[in-house]
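Peer 1: A predicted structure for the sequence below; I have some questions about it.
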Amino acid sequence: MSRPIQALIDLSALEHNLSVVRRHAPHARVMAVIKADAYGHGLLRSAEALSRSDGFAMLELDAAVRLREAGYRQVILLLEGFFSMEELMWIEQYHLSTVIHNREQLAMLFAYKPRARLGLNIFLKINTGMNRLGFTPEQFPAALEALRTSPAAGEITLMTHFARADECSRSETIAAQLQRFKAVAGGRHLSCSLANSAAILRYPETHADWVRPGIMLYGGSPFADRTAAELDLHPAMTVSSKIIAVQTLKSGEGIGYGHAFRADRPMRVGIVAGGYADGYPRHAPTGTPVLVNGRRTRIVGRISMDMLHVDLSGMDDVAVGSPVTLWGKGLPVDEVAQAAGTVGYELLCALAPRMQIVT
Ligand SMILES: *Cc1c(COP(=O)(O)O)cnc(C)c1O
């Protein structure tokens with residue numbers, strides 16, 4: 001038998017979550033964001049489950065090429081664009097779409113000699129306040145004009161990204177960015193793309209022509225104040241393992257590295273095969289929720305590289321071999337992430353290469 005930890009990917013949950021996107025944004029085309037190996041769920045299996053989407057978005061050129069070679073005919077967009085002239089060749093050859101977000105990319109596009117007559121499909125990124133990528137509203141008109149005169153450019157879509165769409169306070173968090181976007185994009189008759197999961201769910205006025213859902217497809221909530229279940233999202237990844245040893249601590253005894261947890265009474269503790277080398281967050285403190293035999297209990301002590309410890313108080317039926325859920329069905333990844341001081345996105349993406357993935 002192999003080590004019992006595994007990540008189970010529920011493909012029907014991905015399909016369901018895509019239908020939730022469609023319900024919220026019935027008039028927009030959907031660009032499923034599958035960067036970072038589809039947020040840890042696996043590129044090709046996720047693309048297959050999401051094959052009804054109108055496009056795919058990612059940052060990794062090799063993944064984009066693999067997707068095209070697997071036969072997908074949708075738009076495949078590179079969210080950070082290209083980093084060299086050579087990559088432009090690949091983009092053209094594989095009919096990929098690309099973001100252009102800076103002058104250096106514009107200059108490369110200008111210098112590029114397209115082999116075919118058909119221009120590249122470009123998403124021109126406007127920095128409306130995120131201040132990460134994109135042309136400022138002031139730089140934008142010149143960038144658009146330059147693009148229009150470039151022989152390598154074909155269809156142009158305007159794009160921006162929100163910094164604070166996930167916050168609980170209402171629309172003032174996106175209003176300024178939306179207004180800046182409209183001020184430069186208005187009246188140009190170009191397709192537009194603005195919304196990530198948070199904006200899809202909360203701000204219909206941002207849906208425009210293309211929405212770009214990521215986390216919601218995987219069943220994570222983009223909001224701290226709303227659970228995935230409240231949003232009708234189903235978890236696509238369940239990480240499970242088993243109890244591989246049981247210890248009985250005497251009052252005052254510590255467990256694990258640093259004895260970071262000490263029993264204040266006699267106590268049974270289960271040792272689970274799963275640690276930070278599997279992608280479980282080392283920062284998860286004592287008290288982080290976990291399911292054992294389907295019932296909720298807590299992590300105790302420090303997370304090791306390959307193991308962690310769970311409180312078995314009042315769980316006399318639990319023994320070596322009992323099932324453990326670290327996150328997923330029955331235990332939202334967002335809850336575990338919050339306890340560990342991070343977000344569900346990070347836990348999903350940080351699955352370790354040694355994790356066995358099953359569908
Ligand atoms: C990652 C990403 C998204 C998806 O964001 P979620 O919050 O996961 O929905 C959308 N657009 C861009 C540009 C991104 O980088």
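Peer 2: That came through fine. Residues are numbered from 1 along each chain as shown.

Peer 1: got the buried residues for the helix or strand hosting Ala175?
Peer 2: Using DSSP states H and E, Ala175 falls within helix 172-185. By neighbour count with 16 or more other C-beta atoms under 10 Å, helix 172-185 contains the buried residues Thr173, Ile174, Gln177, Leu178, Arg180, Phe181, Val184, Ala185. Just so you know, the C-beta spots here come from the backbone N, C-alpha and C atoms, and that holds for glycine as well.

Peer 1: dump that helix to CSV, restricted to CA.
Peer 2: The C-alpha coordinates for helix 172-185 follow below in CSV (Å, rounded to 0.1, in the frame of the first residue of the first chain):
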residue,chain,number,x,y,z
GLU,A,172,-16.8,51.9,-3.6
THR,A,173,-14.0,49.4,-3.7
ILE,A,174,-14.3,48.9,-7.5
ALA,A,175,-16.1,52.2,-8.4
ALA,A,176,-12.9,54.2,-9.1
GLN,A,177,-11.3,51.5,-11.2
LEU,A,178,-14.5,50.9,-13.2
GLN,A,179,-14.9,54.6,-13.8
ARG,A,180,-11.3,54.9,-15.1
PHE,A,181,-11.8,51.9,-17.3
LYS,A,182,-15.0,53.3,-18.8
ALA,A,183,-13.4,56.7,-19.3
VAL,A,184,-10.8,55.2,-21.6
ALA,A,185,-12.7,52.3,-23.1
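
Peer 1: by contact count, what packs against that helix?
Peer 2: strand 153-159 (3 or more C-beta pairs under 8 Å, 6 or more residues apart in numbering; DSSP states H and E).

Peer 1: helices of the stretch 51-200 of the chain, start to end?
Peer 2: Using DSSP state H, counting those that start in this stretch, the helices of the stretch 51-200 of the chain run over 61-69, 85-93, 103-111, 140-149, 172-185, 197-202.

Peer 1: a markdown table please, covering those helices and showing mean pLDDT and distance to the ligand.
Peer 2: Putting the helices of the stretch 51-200 of the chain into a markdown table (pLDDT from 0 to 100; distance: least, C-beta to the nearest ligand atom, whole Å) gives the following:
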| stretch | mean pLDDT | distance to the ligand |
| --- | --- | --- |
| helix 61-69 | 98 | 14 |
| helix 85-93 | 96 | 17 |
| helix 103-111 | 96 | 15 |
| helix 140-149 | 96 | 17 |
| helix 172-185 | 94 | 13 |
| helix 197-202 | 97 | 3 |
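
Peer 1: distance from the helix holding Ala175 to the middle of the chain?
Peer 2: Relative to the centre of its chain, helix 172-185 is centred 24 Å away, using C-alpha atoms, centre = their mean, to the nearest Å.

Peer 1: then stretch 202-209?
Peer 2: Relative to the mean C-alpha coordinate of its chain, stretch 202-209 is positioned 20 Å out (C-alpha atoms, centre = their mean).

Peer 1: got the buried residues for it?
Peer 2: Judged by neighbour count using 16+ other C-beta under 10 Å, the buried positions of stretch 202-209 are Arg202, Tyr203, Thr206, His207, Ala208.

Peer 1: and stretch 49-58, C-alpha only, in CSV?
Peer 2: Extracted C-alpha coordinates of stretch 49-58, given in CSV (Å, rounded to 0.1, in the frame of the first residue of the first chain):
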residue,chain,number,x,y,z
ALA,A,49,-14.2,19.4,-17.2
LEU,A,50,-14.4,23.0,-18.2
SER,A,51,-14.4,22.4,-22.0
ARG,A,52,-17.7,24.2,-22.3
SER,A,53,-16.0,27.5,-21.5
ASP,A,54,-15.4,30.0,-24.3
GLY,A,55,-11.7,30.4,-23.5
PHE,A,56,-8.9,29.5,-21.2
ALA,A,57,-6.4,31.9,-19.5
MET,A,58,-3.0,31.1,-17.9
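
Peer 1: is the ligand contacted by that stretch?
Peer 2: No. Stretch 49-58 lies apart from the ligand when judged by C-beta under 6 Å from any ligand atom; the minimum separation is 6.6 Å.

Peer 1: average model confidence for that stretch?
Peer 2: Averaged over stretch 49-58, pLDDT sits at 98.

Peer 1: could you pull out the buried residues of it?
Peer 2: Buried residues in stretch 49-58, counted by 16+ other C-beta under 10 Å: Ala49, Leu50, Ser53, Gly55, Phe56, Ala57, Met58.

Peer 1: likewise for stretch 135-152?
Peer 2: Neighbour-count burial for stretch 135-152 [16+ other C-beta under 10 Å]: Phe135, Pro137, Phe140, Ala143, Leu144, Ala146, Leu147, Ser150, Ala152.

Peer 1: excluding covalently adjacent residues, which one is nearest to whichever residue of the chain sits closest to the ligand?
Peer 2: The chain approaches the ligand most closely through Gly214 (2.3 Å), counting by C-beta to the nearest ligand atom. Nearest residue to Gly214, sequence neighbours excluded (C-beta to C-beta, 6 or more residues apart in numbering): Val33, at 3.7 Å.

Peer 1: could you do Pro222 as well?
Peer 2: Spatial nearest neighbour of Pro222, chain neighbours left out: Ala198 (3.9 Å); criterion: C-beta to C-beta, 6+ apart.

Peer 1: where does the protein dip in pLDDT?
Peer 2: Residues of the chain meeting the criterion pLDDT under 70: 1, 169-171.
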